[in-house]
Structures are given as C-alpha cells and as structure tokens.
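Asker: here is a sequence with its predicted model. Questions after.
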Amino acid sequence: MFFLIDDDQLASSIDPHAINAAITGSNPGLPAVRIAHHDLRTPRANLRLAQLIGLSDAEQVTDPGQTSSYPADLRPVCDTDPGFDQARHPYLAGYNSLNYDTTMFALYLSEVFADVVDHRIRVDLARVQLAQARDTGGSRRRRATRHHGAEADMALFAREQGAYVDHLDMLVAARDLFPHAKDFVAEAKRQHNLLAPPDGTAVDKRLVLLGSDPEKVKYRKPKKDDPEQATQLARAQEQVPDPADLMATQRPKDQELDVVLDDGRILHGKVVLARTTLTSAAYRDEPANKNPVLFPAQDPEGRRGEVDLSTKLHPKYARTSVGHVIHQDFTSYYPNLLRNMRAFWNPDLGEDRYTRIFFDKERYGKELKRPGTSEDEKARLTTLRAGTKLILNAASGAGDASHVIIPFHGCSAAGRPFAERARLW
C-alpha cells in the first residue's frame, strides 16, 4: 500500500495495524497476505512505485533496445520479452485504468522523477539564446518568453523532447556562428565541394573538375591567371589520374546543406534553414519539430481562438508503461468486484438486485449487436444500457441494500427510461 500525506503530524499518527485491519475487514474474501506500507514522502517508496508501475519514454516500450530517458531498471517487463514469466510478472488490475490511473501515474511520476531527465533548464537557456541571436526587438523576446510555458514540464515523457532540444541547439549555434543564413549556405556549399586526394589535403571540385556525371566528368584546364586553381588542379591530376575517382570522394548528396564545425558537431541545413537557395536563404523561426506537449489545448467546436484548456492527454501519449507487471484493463471490473463480494445482497428480498441489473446491462449490449435490429430499437436499447451502466457505476441510492425508493419527479422524455430502469430496483 502506497500513501502520501502532506501533514507531518497526521503522517506520524499512521497506525499500520489499524490500516491492515481495515483492509482485511473490508475485503473478507482476501486471502492471508502480508501488507507492505510505502510512505511516498521517501525516495525509496517512490522508486518502488516506479519499479512496480513502470517508467519509460521509449517510443516502443516493448523493444528492449530502444533508449529511454529513465534508468533501465525502471523499464517494464513486457509479455513479449524473452524472460517474461506470468508467475513472476503478474498483472495490475485497476478500475478505469485507461482513463484515470495511467494519467495520474504519468503526472505523478513525471513530477517525482523530473530531475532524471530534466530538460527545462536547457530548453529555457536555448530559447533565450535564440531570442538574442534573432535581434534585440522586444516583440520577438516576448514571443520567445511566451513559448517557454509549462508544457516543457509536462513533456518529459515525450521522446520528441530530445529531438526538439537538439534541433533548437543547432538553430542557436547556426545563428551565432553565421548571423546571415546566406553565409551558412555558402559555407555548406564550400564544404560539400571539397574533394580529398590521397595526401590528405583538399581540393575544390569547382576549380578542378568539369561536370558531375561519373562517366563524363573530366579535369578542367589550368588557368594562367589563377595560380590557386592551377596548383590544386596539378596536385589532383598527379595523385588521381581518373577524375571519376576523385569525384567519388565528395560527400553524399543528402549532406550538401550540412556544415561541419571544428569541434566535430554537424549543423544540418534541413533543420536550421527555412529557405536553402543562396540568393534567398533564411533561417527557421523555430525548429521544424514542434515542442511536444502532453496536454494540448482543445478546440472541440472548431471556433477559432476559443480553446478548452482541458487536461485530456494527447492520444499519442495516452498510455503508461509498467515495470515487472502488466496493465490489464478489465471490462466492468468494479461492478464485477461488487457483484462477487455480494456487496448489495439484500437478505429481506432474498436477492442481489445489483447482480440482476448488471446482467440486464450485458443483455442489452448483446441485443444491440444482433443483426436486423431497427434504429428505434437500437436507440431504446442504448438508452436502457446507458441507464443501467450509470446506476451500476454509481453503486448507491436505489442500489443500496436498504432498497430505499428514490422518487423521480419532472423527468424529461429523454430521462424517463432512466427513471423506469431505477423503479425496477
């Protein structure tokens, strides 16, 4: 059992024996087990929780070879792993895990383990540098400031965060070293045209070769008024008689816009440039890869500018991986739990109405799938099934063993089926 109590005085008054008695007393069908207590105010307890639930931001968590920002021992054991053993790696069962538990665990663990892969300082610093590299205009500084919002905190689970930061670093470095994009393109073209004779020197393709087709390329003629061209040409012809062999030392076509720095770093032109021709070259305002966010603003009505700042996870990240266990989302887990516990058995009536309503819901679902059902009948069955499901999930009121009748007054036409369903209790 994991618990988190902010109040120190209350936390110190926790009685483990009383908690154990309450758990076993409320679950009479629970076999004899040892209940461990983990105080989430301690690092050890949080590490145990992360190991149990799992913590990984690998793109495909089922692939052990993919990298994650978190320690390897927090990666889940998946049922596709060679060492998977169902007896050693049991399932985690939860009520509405897909929509609630996984979201809460993702939020909680991202906060607790933020320091492990904390990109926030790096991102903020890079954005400040980018704003300074652009110009000193107040409007652009304000825009950069607005863009480093809370989403950086919430994006720790996204693998794209690393790519975004790397691209941002490239953009900052390119603007710093080559303030004008034309200078960047010119340097990229210079480097791309460098050819490598065997002596380890370099010659400029534009000075020594004529043509780019390996079958037709040939050496240029020396220019009397250009001693640098003549020197490079002589050196190339002496060491590499076949011009096609020399041209083969040029770097690949897909690297023609890249700039290699003295320290070995590579600035990719496709990453930093918005326009790549020498005459109209321009830098990007932001990296091509957008800064990923877990909770994007919603605009369900399509009304421009009117967004719903909801906490719904982006579908791409609407999952949480697990460690040493496997998530399993059971259909009707909570209703079945109550039914198996006979929580609503009524000795006065000699029946469990909760169980009867549960099977009514199941029957409505099967009838909905029956071929040939009319649209009107489908609408009626859908309403009945939704009503029983609502009552089952509420698990109170008319469902209690005391079978107190709850009156329904002023029901609308749409609400009457719910009322009729409830009266059957």
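Answerer: The structure has been received and is ready for your questions. Numbering: from 1, shown residues only.
Asker: contacts only, for the nearest residue to Asp226 once chain neighbours are set aside.
Answerer: Closest residue in space to Asp226, ignoring its immediate chain neighbours: Leu207 at 8.0 Å, by C-beta to C-beta, 6 or more residues apart in numbering. (C-beta placed from N, C-alpha, C; glycine too.) Counting by C-beta atoms under 8 Å, 6 or more residues apart in numbering, Leu207 makes contact with Arg220, Asp226, Glu228, Gln229, Gln232, Leu233.
Asker: which PyMOL command selects the buried ones in those residues?
Answerer: Command for PyMOL, covering only those of the contacts of Leu207 found buried under the criterion 16 or more other C-beta atoms under 10 Å:
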select buried, resi 220+229+232+233
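Asker: now, which of the contacts of Leu207 sits nearest Val203?
Answerer: Gln232 (4.3 Å; C-beta to C-beta).
Asker: the longest helix seen in the chain: which residues count as buried?
Answerer: Criterion DSSP state H: the longest helix present in the chain is helix 375-394. Neighbour-count burial for helix 375-394, counted by 16+ other C-beta under 10 Å, picks out Arg380, Leu381, Thr383, Leu384, Arg385, Gly387, Thr388, Lys389, Ile391, Leu392.
Asker: quick check: mean pLDDT across that helix?
Answerer: For helix 375-394, mean pLDDT rounds to 87.
Asker: which other helices and strands contact that helix?
Answerer: If contacts are counted by 3 or more C-beta pairs under 8 Å, 6 or more residues apart in numbering; DSSP states H and E, helix 375-394 sits against helix 333-340, helix 353-368, helix 416-423.
Asker: and it, C-alpha only, in CSV?
Answerer: Extracted in CSV, the C-alpha atoms of helix 375-394 (Å, rounded to 0.1, in the frame of the first residue of the first chain):
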residue,chain,number,x,y,z
GLU,A,375,-32.8,2.0,-35.4
ASP,A,376,-35.6,2.8,-33.0
GLU,A,377,-34.9,-0.4,-31.1
LYS,A,378,-31.2,0.3,-31.0
ALA,A,379,-31.9,3.8,-29.6
ARG,A,380,-34.1,2.2,-26.9
LEU,A,381,-31.5,-0.4,-26.0
THR,A,382,-28.7,2.2,-26.0
THR,A,383,-30.7,4.3,-23.5
LEU,A,384,-31.5,1.3,-21.3
ARG,A,385,-27.9,0.1,-21.3
ALA,A,386,-26.6,3.6,-20.5
GLY,A,387,-29.1,3.9,-17.7
THR,A,388,-28.1,0.6,-16.1
LYS,A,389,-24.4,1.4,-16.5
LEU,A,390,-24.9,4.7,-14.8
ILE,A,391,-26.6,3.1,-11.8
LEU,A,392,-24.0,0.3,-11.6
ASN,A,393,-21.2,2.8,-11.6
ALA,A,394,-22.9,5.0,-9.0
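Asker: what's the angle from that helix to helix 333-340?
Answerer: Helix 375-394 runs at 70 degrees relative to helix 333-340, counting by axes from the mean of the first three to the mean of the last three C-alpha atoms, to 10 degrees.
Asker: okay, the helices and strands packed on helix 375-394 in CSV with distance to Ala196 and mean neighbour count next?
Answerer: Shown next, in CSV, are the helices and strands packed on helix 375-394 (distance: least, C-beta to C-beta, whole Å; neighbours: other C-beta atoms under 10 Å):
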stretch, distance to Ala196, mean neighbour count
helix 333-340, 66, 16
helix 353-368, 71, 17
helix 416-423, 80, 16
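Asker: what about the strands in the stretch 151-300 of the chain?
Answerer: For the stretch 151-300 of the chain, applying DSSP state E, counting those that start in this stretch gives strands covering 194-195, 203-204, 209-210, 218-219, 259-260, 266-267, 273-275, 282-283.
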